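>>> how does the following fold in three dimensions:
(2 chains)
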2 protein chains.
Amino acid sequence: MKSSFYGVIMAGGRGTRFWPLSTREMPKQFLRLTGCKTMLQETASRFEGFCDHTRIMVVTGIDHRETVLEQLPCMDQKNLLLEPSGRNTAACIGWAARTLFNRGEGSAIMAVVPSDHVVDNPEGFRETLSIAAGPAMDGMLVTVGIPPDHPSTGYGYLEQGEKIGKDIYRVSAFREKPDPDTAKEYVSSNRFFWNAGMFIWRADVILNEISQHLPELAEGLEKLDSDTEPDLSLYDSLPSISIDYGVMEKAGNVVMVPAKFGWNDIGDWPTARKCDVGRGEVISVDSENTTVWNEGKLTVLMGLKNISVVETDSVTLVMSDEYSQKLKDVVAKLEKERPDLV
Amino acid sequence: MKSSFYGVIMAGGRGTRFWPLSTREMPKQFLRLTGCKTMLQETASRFEGFCDHTRIMVVTGIDHRETVLEQLPCMDQKNLLLEPSGRNTAACIGWAARTLFNRGEGSAIMAVVPSDHVVDNPEGFRETLSIAAGPAMDGMLVTVGIPPDHPSTGYGYLEQGEKIGKDIYRVSAFREKPDPDTAKEYVSSNRFFWNAGMFIWRADVILNEISQHLPELAEGLEKLDSDTEPDLSLYDSLPSISIDYGVMEKAGNVVMVPAKFGWNDIGDWPTARKCDVGRGEVISVDSENTTVWNEGKLTVLMGLKNISVVETDSVTLVMSDEYSQKLKDVVAKLEKERPDLV
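The predicted model follows:
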């Protein structure tokens, strides 16, 4: 049996920690952060050589239909799955798998990736997917492990187990975001990898796992008809749980392929600094470790360290790095008071 | 002989330390920093009750003719003296005095004030001028001394000498900007006052002092015809020196009247903080001691202390307080590279 290959791009989410640039109307994944392509376009083009552009599947919010079609004009519209509400990754991935299954493509290999991560080496990305495709065809759930370059407390970790092939290991444990000391131990042991939320598996295999570990989700997915725009009431009743927590941590057939590419989730403004995110003219006097985003103005920084200055037409954010995780609280507050700004 | 009273407003200068809001085209004194009036308008209206609006005299750069007339539509145009170049305060004041003298108003009392200072109590300002007018009529050079509220190293100090009347003292010495320890001594002695650059004297008296101490300036002023728009070559050849250094420190008949008003020169962005300068909507999270200026946007500050964020259409400045004196270096650099922005 020859499997077909699908690149499944999860393009939901608000990118709240990238506010004010990222807004409800135009979240992070649709923005040109690092160059002339949007993050979604970068993500899609990364699959060239792995799958045909007609086999790019995008799951996004219903409001973003036009944006996705504008940014990926060559994609097959039947592969654009429009969520009436966000129900976390298990529902998103399960629905994509179910859609392929319903089309008689249950044996298709799905490479599931977030739409808003930076990969510095597309060749290495495809090589990683090629390696992962082997165990995936054999019925394994394959995750991509990112070799950590610092003891981050912001990611979950995959613990490397038994080697079962060249560059393929069992995952002996999923570890939640660690405290700083634990993170240091992880990194110095060389046996822990960041969980980047990239998965490769067969559609029928993940559906089977969902049936076992999330039966309520499996039932809900069966009730969705094959339409790419399901009823809000049906979709909204799906359990909201992450694929990691709902399936991966419980399944027995999980393996990991270490990433052969540099990776950054540019999860917030300070992280983005490492990816050359930043636009516009800047004059910097005695300042270091800064992120600046402006749109056609001059930003002058004097005597500043560890700071982000992000400017849109309606908002200017000036934020000390250690507050980047609290940005979502500001957005939540504005959601009520100034919905026009978020 | 009954003297007439003139309010002479020195409105030259670039306000470089208030960049990017203050620009060559629209310097600080013409901006609405503290309310609905511009600083020039505030300064002029402060003279109400001291002199008639037809006796407001403004000395400014030739480029600002229209701006002044727009902001002070009731002033007498013949009292608008337009400098073809900036030649410091001795030339500016000397020219104003000479103009009055040429009109047969040598005995007029001139109250000379900068156009860009904040006075919190106009009644107290006029009371101070009334006190000062006495010794001024008697031929003294009267300065206003500001009781210091902290040991500033940013101002020159007047040392209080012999008391010669109610609220009138001889000035026993002019002191340059002190180092921090000296400033503390000055303030704790209660005998030192800030030199705010406000003077009250008769036109003929200051002209006589200029003849004695700055004969070259006196000669130059005689050559200017009575026109309010002198030739560049004539004006530009006047010696460029401050009235403090050129006359006050050398003259023998100098007295001081302590200010009966709160004063702030809002010399830079951090100082401006004390005067409620700042416009636009601000959300402040764990931030203190900040100055924000924006024009119709939202500025969000997170985790910041002792910082100014100043935004115009073309520039955003984010500056740590201790860099406020270095702002002029940035402006000087831009003067060459991006003259459109300064």
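
>>> local confidence estimate at A:D225?
With respect to pLDDT, A:D225 has a value of 69.

>>> got it, and A:G278?
pLDDT, A:G278: 73.

>>> remind me which residues of chain A are low pLDDT?
Applying pLDDT under 70 to chain A picks out residues A:1-2, A:225-226.

>>> strands of the stretch 101-250 of chain A, start to end?
Along the stretch 101-250 of chain A, counting by DSSP state E, counting those that start in this stretch, strands occupy A:109-114, A:118-119, A:141-146, A:157-165, A:168-175, A:192-202.

>>> looking at those strands, which is closest to B:T99?
strand A:118-119 (67.4 Å; CB to CB). Where you see a C-beta, it was placed from the backbone N, CA and C, and this is true even at glycine.

>>> partner strands of the closest one, parallel or antiparallel?
If you go by DSSP bridges, strand A:118-119 pairs up with strand A:263-264 (antiparallel).

>>> helix or strand right after the strand it pairs with?
For strand A:263-264, the following helix or strand on the C-terminal side (DSSP states H and E) is helix A:269-272.

>>> what's in contact with that next one?
Surrounding helix A:269-272, the residues in contact under the criterion CB atoms under 8 Å, 6 or more residues apart in numbering or on different chains are A:17-18, A:33, A:264-266, A:278, A:291, A:293, A:306, A:308, A:310, A:317, A:319, A:321, A:324, A:327.

>>> out of those residues, which end up buried?
Among those, those scoring as buried are A:17-18, A:33, A:264-266, A:278, A:291, A:293, A:306, A:308, A:310, A:317, A:319, A:321, A:324, A:327 (criterion: 16 or more other CB atoms under 10 Å in any protein chain shown).

>>> in strands only, show me these.
Among the buried ones among the contacts of helix A:269-272, the members found in strands (DSSP state E) are A:N264, A:T291, A:W293, A:N306, A:S308, A:V310, A:L317, A:M319.

>>> and the furthest pair within those residues?
Farthest pair in these, by CB to CB: A:N264 and A:L317, 20.5 Å.

>>> quick one, helices of chain A?
A:39-45, A:65-71, A:88-102, A:122-137, A:180-189, A:203-213, A:215-223, A:232-236, A:243, A:269-272, A:327-337 (DSSP state H).

>>> ok, A:V119 - contacts?
The contact partners of A:V119, by CB under 8 Å, 6+ apart, come to A:E42, A:R46, A:F125, A:F261, A:G262, A:W263.

>>> swap in A:K333?
Contacts of A:K333 (CB under 8 Å, 6+ apart): B:I283.

>>> next one: the residue nearest to the spatial centre of chain A from A:V310, what distance?
When CA atoms, centre = their mean is applied to chain A, the residue found nearest the centroid is A:P114 (2.3 Å). Distance, A:P114 to A:V310, by CB to CB, to the nearest Å: 21 Å.

>>> now for the closest residue to chain B within the stretch 101-250 of chain A, how many residues are close by?
Nearest residue of the stretch 101-250 of chain A to chain B: A:G154, at 17.7 Å (CB to the nearest CB). For A:G154, the neighbour count with other CB atoms under 10 Å in any protein chain shown is 14.

>>> look up phi and psi at it.
phi -100, psi -10 (degrees, to the nearest 10).

>>> in the sheet, who's paired with A:P114?
In this entry, A:P114 is beta-bridged to A:M10, by DSSP bridges.

>>> just checking, it touches A:D265?
Yes. A:P114 is within contact range of A:D265, at 7.4 Å (criterion: CB atoms under 8 Å).

>>> what is in contact with the two at once?
With contacts taken as CB under 8 Å, 6+ apart, A:P114 and A:D265 have A:A196 as neighbours in common.

>>> any idea how chain A splits into domains?
With automatic domain parsing as the criterion, the domains of chain A are listed as A:5-264, A:269-341.

>>> what does stretch A:241-252 contact?
Applying CB under 8 Å, 6+ apart, the contact partners of stretch A:241-252 are A:88-91, A:93, A:141, A:143, A:156, A:171, A:174, A:195, A:197, A:199, A:206, A:209-210, A:212-214, A:217, A:239, A:254.

>>> cool, stretch A:284-301 as well?
A:21, A:269-270, A:272-273, A:277-283, A:302-313, A:321, B:20, B:313-319, B:323, B:326, B:329-330, B:338, B:341.
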